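**Q** what shape does this take:
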Amino acid sequence: MSAVPEQPATPPHADATGAAPRTVRRFASVIRLRPEKEAEYRALHADAWPQVLATLKAARIGNYSIFLRDGLLFSYLEYDGDDYDADQALIAADPATRRWWELTDPCQQPLDSAAPGETWAPAEEVFHLD
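**A** The predicted structure follows:
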């Protein structure tokens, strides 16, 4: 998945050690899946590369899911770091992640409403229940 656009912050939550609360930010985004690439995309994600997953975790990304419905991929993740831009740069600089994107990006087609150069288009949160 390419870089995720900035979204509003969500309420702070204490970490597992009970340390000071951290702000967990939720991100959702959408993109189309090219129908002829669905099997390839599913196969890639069924065996996601350990280095890519480790880089996401190092960048404070968690609770990350991608859903598929009627050719539309919906991504949801949570970010609990302090510097989103720096962590996104860490992901983008990782050689394994860049190779992963070389395989996954051709499977995807940005929405017509996506901004120029935007791949995954941010989705607006309109409701949340904690």
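**Q** let me know the secondary structure of R32.
**A** Recorded secondary structure, R32: strand (DSSP: H, G, I helix; E, B strand; the rest coil).
**Q** pLDDT of stretch 119-130, averaged?
**A** In this model, stretch 119-130 has a mean pLDDT of 95.
**Q** helix or strand right after the helix or strand bottoming out on mean pLDDT in the chain?
**A** The helix or strand of the chain with the poorest confidence is strand 12-13; it has a mean of 50 (mean pLDDT, DSSP states H and E). Toward the C-terminal end, the helix or strand that comes next after strand 12-13 (DSSP states H and E) is strand 22-23.
**Q** and that next one, what does it pack against?
**A** Secondary-structure packing of strand 22-23 (3 or more CB pairs under 8 Å, 6 or more residues apart in numbering; DSSP states H and E): strand 12-13. (Each C-beta comes from the backbone N, C-alpha and C, glycine too.)
**Q** where along this structure do the helices fall?
**A** 38-46, 50-58, 84-93, 95-104 (DSSP state H).
**Q** among these, which is nearest L129?
**A** L129 lies closest, by CB to CB, to one member of the helices of the chain: helix 84-93, at 23.8 Å.
**Q** what packs against the closest one?
**A** helix 50-58.
**Q** work out the gap between the helix it packs on and the centre of the chain.
**A** Centroid separation for helix 50-58 versus its chain: 12 Å, with CA atoms, centre = their mean, to the nearest Å.
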